[in-house]
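[1] Make a model of this:
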Amino acid sequence: MHFRRLAYLALTIALGLPAGYLLHESYHHSRRDPAREIFSMFEERCLPKLYGAPEDHQGLIEAPMSLHYTDFIDPLSRFSLAENSNDYSVEDLFSPIDAKQARELAALARARIPELIGLAESHDIDPIGDMAIGWMQGEPGSPERWGVTLFRFGPGMLSLSLHLPAELRPQSSL
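    Residues are numbered from 1 along each chain as shown. Below is the predicted model:
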């Protein structure tokens with residue numbers, strides 16, 4: 001009798017913990033607002049670079065993509081931070097958003113980017129992919145050009161990027 005109770009208890013724990021975890025994950029993802037999550041990550045991780053802040057990878061998971069390129073993934077949203085010396089981007093590679101969510105992100109960016117960086121929406125962005133929006137200063141192709149772009153080429157290929165002004169880019173040693 002005592003053994004049977006322990007077996008039931010062990011079975012309940014063995015099945016209950018994974019089930020609870022999965023239910024928690026599905027509940028968390030059902031309440032997500034991907035547009036706000038992407039924009040919030042962009043605001044917190046990319047925009048501070050305009051003021052010379054160092055990279056902030058705290059709480060992110062390092063994911064080497066090649067020998068010379070690493071993404072940093074937020075474990076909750078599964079959106080990634082991609083960076084190089086001139087650009088900082090939040091991407092949906094590991095957690096693709098749909099077209100409706102991308103439109104919501106575009107509306108949020110159109111409302112917030114001008115007040116955050118002081119640039120109006122540009123009308124000289126090449127219309128590539130499903131979505132191409134920019135808030136840029138400087139002539140296209142100019143090394144002085146900087147600002148923010150939002151591109152989408154389909155699910156898993158969205159990028160909200162900060163392109164640094166020339167004075168904040170590392171100087172080449174060549």
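
[2] Where do the helices of the chain begin and end?
    Using DSSP state H, the helices of the chain run over 2-30, 34-45, 99-117.

[3] So which other helices or strands are in contact with the shortest one?
    Using 3 or more C-beta pairs under 8 Å, 6 or more residues apart in numbering; DSSP states H and E as the contact test, the elements touching helix 34-45 are strand 87-91, helix 99-117, strand 158-163. Any C-beta I mention is one placed from the backbone N, CA and C, and that applies to glycine too.

[4] Where does the prediction get shaky in this protein?
    Flagging of the chain using pLDDT under 70 yields the residue ranges 1-3, 5-12, 14-31, 172-174.

[5] Next, find the distance separating the residue nearest the centre of it from residue 125.
    Closest residue to the average C-alpha location of the chain: residue 90 at 2.7 Å, with C-alpha atoms, centre = their mean. When distances are taken as C-beta to C-beta, to the nearest Å, residue 90 and residue 125 turn out to be 18 Å apart.

[6] Nearest residue to residue 63 in space, please, no chain neighbours.
    Excluding the flanking residues, the one nearest residue 63 by C-beta to C-beta, 6 or more residues apart in numbering is residue 71, at 4.7 Å.

[7] and that neighbour, bridged to which residues?
    Per DSSP bridges, residues listed as beta-bridge partners of residue 71: residue 63, residue 82.

[8] separation between residue 57 and residue 158?
    21 Å.
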